[in-house]
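[1] could you look at this predicted model? Sequence included:
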Amino acid sequence: MRLLARATFLCATAIVLSSAGKTLGAQGLEACKLITAAEAAEALGKPAIAKAQAIAPEKDTCGYMGAPFDVHTEALPNPTRWSAALKDEIKKGKAEAIPGVGDDAAYTKDGNGDNIATARKGKHLVTISIYQNQGSAAQVKPLAIKLLKLALSKVP
């Protein structure tokens, strides 16, 4: 799944943490409840998306027909290690910190050229992926952060 590849962009440590025999679903979090179709429509300024069909192959991943983004959730078995790996990626210039969002957050582009905003809140990881053909990073980054903040507002 393309989204899982993007969600683990941070580094090999993040991949190991996410796949260490644990479920990827963030224990009780359903991606489609973190950003509803109506909320996506409002954020994107596209009213038709409010009635769009959800594309949710699994509980931890969600997108909507016509919406240029996905939301993904994971439960982190070791949030401290994940945060350390994220800070290392920021230090190396591979990601840009997003201050004031969750416990730790960053923005980057993945190998597909998609815009990625990801954040940790407690043991929960939430990632917003906005597809590459939606504009420049300067145009898309504010939307990615807005969607990330909305999703995180629903994470306990």
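    It's in.

[2] residue nearest the middle of this protein, spatially speaking?
    Thr127 (0.9 Å; C-alpha atoms, centre = their mean).

[3] that residue falls within a strand, correct?
    Yes: with DSSP: H, G, I helix; E, B strand; the rest coil as the criterion, Thr127 is part of a strand.

[4] which parts of the chain are strands?
    Using DSSP state E, the strands assigned to the chain run over residues 54-58, 61-64, 69-75, 96-97, 104-109, 115-121, 124-130.

[5] looking at those, which is nearest to Lys33?
    strand 61-64 (8.4 Å; C-beta to C-beta). (Each C-beta comes from the backbone N, C-alpha and C, glycine too.)

[6] ok, that closest one: who's next to it in the sheet?
    Strand 61-64 has the following strand partners under DSSP bridges: strand 54-58 (antiparallel), strand 69-75 (antiparallel).

[7] adding mean pLDDT and distance to Ala40, write the strands of the chain out as TSV.
    Shown next, in TSV, are these (pLDDT from 0 to 100; distance: least, C-beta to C-beta, whole Å):
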stretch	mean pLDDT	distance to Ala40
strand 54-58	82	10
strand 61-64	94	5
strand 69-75	95	8
strand 96-97	96	24
strand 104-109	95	19
strand 115-121	96	15
strand 124-130	96	11
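
[8] turn those strands into a markdown table, columns for distance to Gly45.
    Shown next, in a markdown table, are these (distance: least, C-beta to C-beta, whole Å):
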| stretch | distance to Gly45 |
| --- | --- |
| strand 54-58 | 19 |
| strand 61-64 | 14 |
| strand 69-75 | 13 |
| strand 96-97 | 25 |
| strand 104-109 | 21 |
| strand 115-121 | 17 |
| strand 124-130 | 14 |
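
[9] ok, Pro57 - how many residues close by?
    Using other C-beta atoms under 10 Å, Pro57 is surrounded by 10 other residues.

[10] typed the wrong thing, it's Gln53
    10.

[11] test my guess that it contacts Met65.
    Yes: with contacts counted by C-beta atoms under 8 Å, Gln53 reaches Met65, the gap being 4.8 Å.
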